[in-house]
Every structure is written in structure tokens, then in C-alpha cells.
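**Q** Below are the sequence and a predicted model for it; my questions follow.
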Amino acid sequence: MNCKTLAASLTLLLPLAVPAAVTQSSPDGAIVEHHFHIAASPQDAWDALIHPESWWPSDHTWSGDRGKLRLDAQAGGCFCESWGDASAEHGRVIMSQPGRLLRMRGALGPLQDMAVTAVLTVTLAANDAGGTDATVTYRVSGDASHMLDAFVPAVDKVIGLQFGAFAAWASGSGLKPAT
């Protein structure tokens, strides 16, 4: 198999991901953006998106179990996790347009421990192939003493992992939440 054939074969195995970009990085903030192609309508992609308990990686939860997550996809709604007598708020919904846009304010994971503001936006748009193009943008800002630019590679990787799992779930799972 020649290099062109091998590259084409590998491309077919990874149809969901489009190269990500760190669009801004400095000690006081960062913006990362990921694009995914989803083999489902925008409404079906939305129905998957609002069930992170079905696709969010368990090793990126405080409890170790994605089944403990819930998302109330309306303004003021909580993207939260509860286990035993413990709980965590991952984000608060600040804008919801079913089938089109979900925006949450929330510093994810270890960023919670810093004085940062973070906004995660997921936009969904129909594409010519009958599926959905999803754009995930995560904007983080805070005090320059936190040297947020040092965290950008890890943040970029984790956002790609988390929302790559969403794109894969929405594209091939039948869109029924895991029980």
C-alpha cells in the first residue's frame, strides 16, 4: 500500500474530527476551537448533546462515573454531577437554542480551582451531506498570574476528547442515552 492510499484509508477511519485550533493563548486567557462532522441531523445531535451521561468520558468526571452527570439545557440550568453526598457544578447554561446552540459558563476540571471565567459554546448547523457540523469553542480568561497559556495544550486536548466523544455518540449510537 502506498502512502497516499494509507493516508486516504486513515482519513476514512476518522471522519468526525476536523483539525482544532488554539485561536488565542496568553497568560490571562485562551480560546480553543474544535470542529466535528456528525452523521445526524442538528436536532438529533442536540438530543445527544444534552445527555452527557451517555458520552462524556468517565475519567473526566469528579466521581469517575459519567452516569452521575445531568444537564438541564435551559437558561439557568445546571451541568452538574452528583455522587453520594458530594456534588459539583461543571457549568451553568446561559443560552439554549435547541438544535442550534448551547452556551455554558463554567471552568471545567482543575480550572475550577483558579479565579477564571470560562464560556463553552457548542453550535450545530446542518451541512450539505445531511448531517451536522458542530463547532465547540471554549474561552477561558483570568488573572495573568495563573499563566493560563501553560494550560492551553491540555485544555485543547481534553475539549477535543470530550466533544469528540459527543460527535461519535451522536453519529453512531442511535441517539438513545445509555442507562
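**A** Yep, it's here. Computed from a predicted structure; not experimentally measured. Numbering: from 1, shown residues only.
**Q** Can you pull out the low-pLDDT segments for this structure?
**A** 1-20, 173-179 (pLDDT under 70).
**Q** tell me the helices in it, going along the chain?
**A** Remark: helices assigned in the chain by DSSP state H are 3-13, 42-49, 52-55, 152-172.
**Q** now the shortest one: how far from the chain's centre is it?
**A** It refers to helix 52-55. 11 Å (CA atoms, centre = their mean, to the nearest Å).
**Q** try the second one
**A** Computed by CA atoms, centre = their mean, the chain-centroid distance of helix 42-49 equals 13 Å.
**Q** That one vs helix 152-172, what angle?
**A** 120 degrees (axes from the mean of the first three to the mean of the last three CA atoms, to 10 degrees).
**Q** I'd like to know which elements helix 42-49 is packed against.
**A** strand 116-126, strand 132-142, helix 152-172 (3 or more CB pairs under 8 Å, 6 or more residues apart in numbering; DSSP states H and E). C-beta coordinates here come from the backbone N, C-alpha and C atoms, glycine included.
**Q** returning to that earlier point: which of the helices of the chain sits closest to residue 124?
**A** Nearest to residue 124 among those is helix 42-49 (4.4 Å), distances taken as CB to CB.
**Q** coming back round to it: with mean neighbour count and distance to residue 92 as new columns, can the helices of the chain be given to me in TSV?
**A** Formatted as TSV, the helices of the chain follow (neighbours: other CB atoms under 10 Å; distance: least, CB to CB, whole Å):
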stretch	mean neighbour count	distance to residue 92
helix 3-13	9	37
helix 42-49	22	16
helix 52-55	21	14
helix 152-172	19	17
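**Q** any chance of those in CSV, plus distance to residue 82?
**A** Listed next are these as CSV, based on distance: least, CB to CB, whole Å:
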stretch, distance to residue 82
helix 3-13, 37
helix 42-49, 20
helix 52-55, 11
helix 152-172, 19
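**Q** Give me the phi and psi for residue 130.
**A** Backbone torsions for residue 130, taken as degrees, to the nearest 10, come to phi 90, psi 10.
**Q** same deal with residue 114?
**A** Main-chain torsions, residue 114, degrees, to the nearest 10: phi -110, psi 160.
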